[in-house]
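Enquirer: What follows is a predicted structure for the sequence shown.
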Amino acid sequence: MSLSLDKLFRLPRRHKRFVLTWMDMGLVSGSLLLAILLRTGSNEALTYFDTWLLIAMITPATLMLFTALGLYRHVLRFLGYKTLKTLMICVCGSALLIALANVIIGQPLPHSVSIIYALLSLSLVGGVRLLLRSLYRLTVMRQTTRVIIYGAGSAGSQLVTSLNNGHEYTPVGFVDDWRGMHGTRVEGLKVYPPGELPRLIQTMQVERILFAIPSAPLSRKRHILQTLEPLTVPVQTVPGMADIVAGHSRIEELRDITIDDLLGRDPIPPNQSLLDANIRGKVVMVTGAGGSIGSELCRQILVQGPAQLLLLDICEYSLYRIERELQNLALKTSPPAVIRALLGSVQQRSRLDDIMRTFHVQTIYHAAAYKHVPIVENNMVEGIRNNVFGTLEMARAAIDCGVDTFVLISTDKAVRPTNVMGTTKRLAELICQSLAAHQSMTRFCMVRFGNVLGSSGSVVPLFRKQIKAGGPITVTHPDITRYFMTIPEAAQLVIQAGAMGRGGDVFVLDMGEPIKIDELARKIVRLSGMEIIDQDNPDGDIEIVYSGLRPGEKLFEELLIGDGTVPTSHPRIMSANEAFWDWPTLNAYLQRLYATLSNHEYDRIRELLREAPTAYQPDGPIVDPIHQSKSAEPATTKVTSAEEDAFDVLKVSAVSLVKGGPHF
């Protein structure tokens with residue numbers, strides 16, 4: 001039976017129309033005969049020639065009417081209101097034809113026959129179509145994933161309609177928190193309370209839960225997802241309402257639960273005057289524009305209406321990608337902002353001067369940095385050169401070129417760092433603090449925050465990839481804890497904090513509660529419909545392996561060096577009082593640091609990093625492979641006098657490069 005139905009549903013479209021036409025011919029004729037029998041109450045009318053003449057006239061005329069009104073153009077599996085409306089018009093038209101033919105022939109039948117015929121024909125012709133659609137869905141249902149939809153609102157209703165027209169999912173019911181909906185039906189599916197989910201998953205053989213409350217606050221989403229975790233059924237969600245309204249996504253475009261859904265906070269409405277202060281109508285430059293934070297800064301800056309937006313990045317592909325995206329966004333702004341993609345390194349002072357003077361830059365958001373702790377730990381010379389002296393060159397150029405505002409994007413890893421990357425970011429803060437106190441041409445401020453969700457260094461994409469591969473998931477330590485914030489929220493707060501600064505301010509963003517990475521990994525596994533392999537559950541799906549802390553990595557990150565913070569006008573932005581060196585002292589220190597970098601004196605570099613007011617406390621030996629290789633080499637031969645002279649020239653050149661310093 002199922003094989004014959006499969007063959008029927010796979011027939012070419014013209015063959016299906018042929019079958020429906022012959023089926024309708026029998027149904028129309030049968031409806032008219034049955035109407036005559038019901039009205040007359042006897043078989044006598046069937047002995048009259050005029051009765052059969054009427055049937056012979058009406059049946060082909062009705063089929064031609066069905067064809068003319070487009071009934072056969074409707075696809076049965078998409079049967080809905082419009083199809084039933086067309087069918088009603090066709091049947092009513094056929095009933096009128098019966099009444100007219102009855103008069104022409106000489107009224108052999110009562111007038112009420114046409115009314116009875118209309119009801120019978122509508123029931124039979126429409127009922128057969130509904131039956132075929134149900135048989136089709138039953139046939140397809142055996143090959144699809146059975147799902148329950150969490151949320152019986154408008155989004156859930158639209159999702160059911162979309163899924164019923166597809167071939168991947170079969171909705172079997174709704175779940176909703178609102179008691180008033182319990183027991184009712186939406187799109188023909190019963191609405192159940194959340195407490196019945198475990199039973200429904202068993203009895204209805206549910207394979208997936210689709211979360212369809214896109215407009216719910218993040219706090220409510222997070223609470224609901226926590227209740228779904230123990231069910232070990234994959235959970236997917238519809239796109240956010242903003243994406244649906246903007247046309248970026250459709251309701252049926254399901255996606256996996258993201259880290260934003262698990263940890264995101266409800267946003268606080270931004271202060272528009274703070275957003276506008278350093279951007280609207282101004283020339284704004286973003287360094288590291290192709291990175292995670294830099295690209296989101298560019299998106300939000302563009303919305304605020306800058307006169308020009310300059311994108312600086314050393315990576316050609318990242319620059320190309322963000323420029324293409326922003327050019328498309330710029331078409332929707334009024335007036336369209338001028339966007340310029342500029343290749344260059346923050347260490348190239350002449351390039352920076354040319355850009356700032358040519359375009360008369362007024363505001364700089366300095367996000368360019370090497371930020372991956374293990375990478376910088378293994379490449380400490382280049383990490384310091386880029387993060388510290390790149391910031392120094394940017395700051396000097398900003399002052400010399402008359403830039404109004406310089407905002408440094410910093411990190412919580414700059415607080416009592418145990419790694420080179422965090423130390424370099426604290427030194428970058430010291431440069432901005434010191435220059436802010438030493439001159440009044442450019443206003444410097446720093447914004448410090450923790451990890452951002454979905455950045456290039458985020459653990460979540462790695463966890464997803466490891467789960468897809470069947471595990472194991474690698475976590476460095478069971479107690480490792482981090483602060484998290486969404487990229488859009490971080491970028492928006494950075495812009496507002498930058499407008500608050502008076503000069504030399506260190507702003508700290510409220511990151512919420514710290515999150516254990518181990519717990520985060522377990523959440524992602526459970527919401528993927530799997531179980532953790534452990535002592536209590538050796539037959540689980542995914543194992544968590546602890547790989548150990550990497551060089552320079554801390555168990556817990558901090559946001560403050562000092563004892564406290566001062567609140568600002570924004571509830572999620574605080575101002576910190578951090579100690580720093582005056583410019584002459586810092587400048588002399590930087591000269592010595594640059595000389596040791598040029599000479600690749602790794603042990604001396606570490607000593608200088610500990611000398612600065614960064615609270616740097618390395619927890620292990622230097623792991624840079626070049627240093628380790630040199631340390632393992634046997635003693636070198638005696639250096640010739642010519643080599644010593646060349647070395648001295650190099651050293652003097654390196655020191656003199658730094659002594660150029662800002663001209664105040």
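Expert: Received the coordinates, thanks. Numbers count the residues shown, from 1 in each chain.
Enquirer: okay, CA-based contacts and neighbour counts for the rest of this
Expert: Fine.
Enquirer: domains of this protein?
Expert: As assigned by automatic domain parsing, the chain contains the domains 2-140, 144-257, 272-452+483-510+557-576, 583-659.
Enquirer: Out of those, which gets nearest to D266?
Expert: With Cα to Cα as the criterion, D266 lies closest to domain 144-257 of the domains of the chain, at 5.3 Å.
Enquirer: which regions of the stretch 1-150 of the chain lie under the pLDDT threshold?
Expert: Scanning the stretch 1-150 of the chain for pLDDT under 70 picks out 1-14, 41-48, 74-81, 107-109, 136-143.
Enquirer: all helices for it, in order.
Expert: Ranges of helices in the stretch 1-150 of the chain, per DSSP state H, counting those that start in this stretch, are 2-9, 13-40, 49-68, 81-105, 112-141.
Enquirer: Mean neighbour count and distance to R610 for the ones you listed - can I get that in CSV?
Expert: Formatted as CSV, the helices of the stretch 1-150 of the chain follow (neighbours: other Cα atoms under 10 Å; distance: least, Cα to Cα, whole Å):
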stretch, mean neighbour count, distance to R610
helix 2-9, 12, 75
helix 13-40, 17, 78
helix 49-68, 16, 87
helix 81-105, 17, 75
helix 112-141, 18, 67
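Enquirer: ok now do R351, which residues does it touch?
Expert: Contact partners of R351, counting by Cα atoms under 8 Å, 6 or more residues apart in numbering, are 344-345.
Enquirer: okay, the helix or strand harbouring it in PDB with CA atoms only?
Expert: Using DSSP states H and E, R351 sits within helix 349-359. Written as PDB, here are the backbone C-alpha positions of helix 349-359 (Å, rounded to 0.1, in the frame of the first residue of the first chain):
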ATOM      1  CA  ARG A 349      54.900  55.200  11.600                       C
ATOM      2  CA  SER A 350      55.200  56.800   8.200                       C
ATOM      3  CA  ARG A 351      52.100  54.900   6.900                       C
ATOM      4  CA  LEU A 352      50.200  56.000  10.000                       C
ATOM      5  CA  ASP A 353      51.200  59.700   9.600                       C
ATOM      6  CA  ASP A 354      50.200  59.600   5.900                       C
ATOM      7  CA  ILE A 355      46.700  58.200   6.700                       C
ATOM      8  CA  MET A 356      46.000  60.500   9.600                       C
ATOM      9  CA  ARG A 357      47.100  63.700   7.900                       C
ATOM     10  CA  THR A 358      45.600  62.900   4.500                       C
ATOM     11  CA  PHE A 359      42.100  62.100   5.900                       C
END
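Enquirer: And it, what's buried?
Expert: Neighbour-count burial for helix 349-359 flags 349, 352-353, 355-356 (criterion: 16 or more other Cα atoms under 10 Å).
Enquirer: circling back to that earlier point, can you add distance to H477 and give the domains of the chain back as a markdown table?
Expert: Formatted as a markdown table, the domains of the chain follow (distance: least, Cα to Cα, whole Å):
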| stretch | distance to H477 |
| --- | --- |
| domain 2-140 | 47 |
| domain 144-257 | 22 |
| domain 272-452+483-510+557-576 | 14 |
| domain 583-659 | 16 |
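Enquirer: Go through the ones you listed and pick out the most buried.
Expert: domain 272-452+483-510+557-576 (a mean of 21; mean count of other Cα atoms under 10 Å).
Enquirer: Could you say which one of the helices of the stretch 1-150 of the chain comes nearest to E531?
Expert: If you check each of the helices of the stretch 1-150 of the chain against E531 by Cα to Cα, helix 112-141 wins as the nearest, at 27.1 Å.
Enquirer: Which secondary structure elements does the closest one sit against?
Expert: If contacts are counted by 3 or more Cα pairs under 8 Å, 6 or more residues apart in numbering; DSSP states H and E, helix 112-141 sits against helix 2-9, helix 13-40, helix 81-105.
Enquirer: Next, the contact list for E187, please.
Expert: The neighbours of E187, taking Cα under 8 Å, 6+ apart as the test, are 157, 160-161.
Enquirer: need the strands for the stretch 201-350 of the chain, in chain order.
Expert: Under the criterion DSSP state E, counting those that start in this stretch, strands of the stretch 201-350 of the chain are mapped to 208-211, 235-237, 255-256, 283-287, 308-313, 338-343.
Enquirer: Worst mean pLDDT among the ones you listed?
Expert: The stretch with the lowest mean pLDDT among the strands of the stretch 201-350 of the chain is strand 255-256, at a mean of 72.
Enquirer: my read: T59 touches L27, true?
Expert: No - using Cα atoms under 8 Å, T59 makes no contact with L27, being 9.3 Å away.
Enquirer: What lies in contact with stretch 533-545?
Expert: When contacts are defined by Cα under 8 Å, 6+ apart, stretch 533-545 is touched by residues 467, 470-475, 525, 530-532.
Enquirer: Can you select the buried ones from those in ChimeraX?
Expert: Applying 16+ other Cα under 10 Å to those, the buried members can be selected in ChimeraX as follows:
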select :467,471,472,473,474,475,525,530,531,532
